[in-house]
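**Q** Coordinates for the following, if possible.
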Amino acid sequence: QVQLVESGGGLVQAGGSLRLSCAASGRTFSIYAMGWFRQAPGKEREFVAAINRSGGSTYYADSVKGRFTISRDNAKNTVYLQMNSLKPEDTAVYYCAAPLSRGGLRIGINEYDYWGQGTQVTVSS
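**A** Here you go, the predicted model:
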C-alpha cells in the first residue's frame, strides 16, 4: 500500500517562500516518477511540477516556472517542492502524487494513481 504524506504548508505573505515535503512509503521510492498538483477553491486540480525517478529531469507548469523547484531525496523517500516568490494566486491545497507504474516523468493528472491528503498553502497579499 503506497502512502504519501505531505507537510510544510502554511500561511505566508506574498513574496515569501515555503518548502513542501512529501514522504512516501509502501514501495521502492527511487524507481518511480513523482509529481505535485494543486487545487484552489472552486477550481479543478492542476499540474504544478514533476520529477523523474533519478531527479535528473523536471517539468513545471508555466505559472510556476522560475519560482518553484521540485527535487527528491531517494535515500529519504521524500520529494520536495520549494516555492519562492509566492503570489496570492498560488493559494491552494497542494498534493503530491505517484504513478502506479514505472516510467518516465509524467504531467497528466490521469497518469497518477496515488495521492496524499494535501497540505494547505495560503498566500496573503
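**Q** Tell me how far S25 lies from A98.
**A** For S25, the distance to A98 equals 11 Å [CB to CB, to the nearest Å]. Heads up, the C-betas are built off the backbone N, CA and C, glycines and all.
**Q** Is it correct that L4 is in contact with W115?
**A** Yes: here L4 reaches W115: they are 6.6 Å apart, a contact under CB atoms under 8 Å.
**Q** Between the two, which has more neighbouring residues?
**A** Each of L4 and W115 has its neighbours counted (other CB atoms under 10 Å); L4 has more, 20 against 17.
**Q** List the residues that contact the more buried one.
**A** Contact partners of L4, counting by CB atoms under 8 Å, 6 or more residues apart in numbering, are C22, A23, A24, C96, A97, A98, Y114, W115, G116.
**Q** Nearest residue to it in space, please, no chain neighbours.
**A** G116 (3.7 Å; CB to CB, 6 or more residues apart in numbering).
**Q** ok, now R67?
**A** Sequence neighbours aside, S85 is the residue nearest to R67 in space, at 4.6 Å (criterion: CB to CB, 6+ apart).
**Q** And N84, by the same measure?
**A** Closest to N84 by CB to CB, 6+ apart is S17, at 4.7 Å.
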